[in-house]
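[1] Whatever this is, show me its structure:
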Amino acid sequence: MLPTGKLATGARSELESFLKEQPENFKLISDLALTNMGLGDKAAAFKLIEREMATLPIEKDALAGPVPSEDLARVAAQTGEPDRAIAALQKLLSLPYIGGLGGRAAYSRAAPARSNVRSASE
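    Here you go, the predicted structure:
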């Protein structure tokens, strides 16, 4: 579960401060994107996901490179963009990637996308 309220606002401030010091740290970018998602700032979350994808492209790092696509799927699913979430998940499923998609936590995070008819038929 993502923090909300004062805790999330404080976390966002801390992450923004750390990111100024380490602008290429994809883990900080990811955490900040997910924090913004939790705060309901969809635009900021997607902007950070784009930054994360530029910082860590799959072509640059085959092991960690898919992580931004996973984050994109998570943010899209949680912010009401099931088509975007499904596209990101399909991309991940086409890769030899064993990241965080498995397990119950991923299943519950993908609940908003599962209700989309397209996801069940493809």
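[2] Any regions of the chain where pLDDT drops low?
    Filtered on pLDDT under 70, the chain yields the residue ranges 1-5, 98-122.
[3] would you list every one of the helices in it?
    With DSSP state H, the ranges of helices along the chain come out as 5-21, 26-38, 42-55, 67-78, 82-93, 103-109, 111-114, 117-121.
[4] Can I get these in a markdown table including mean neighbour count?
    All C-beta spots, glycine's among them, are computed from the backbone N, C-alpha and C. Below are the helices of the chain laid out as a markdown table (neighbours: other CB atoms under 10 Å):
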| stretch | mean neighbour count |
| --- | --- |
| helix 5-21 | 13 |
| helix 26-38 | 22 |
| helix 42-55 | 18 |
| helix 67-78 | 23 |
| helix 82-93 | 18 |
| helix 103-109 | 11 |
| helix 111-114 | 16 |
| helix 117-121 | 10 |
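[5] wait, what's in contact with the residue most central in space within the chain?
    Nearest to the centroid of the C-alpha atoms of the chain, with distances taken as CA atoms, centre = their mean, sits Asp71, at 1.7 Å. Contact analysis of Asp71 by CB atoms under 8 Å, 6 or more residues apart in numbering lists Ser30, Ala33, Leu34, Ile49, Glu52.
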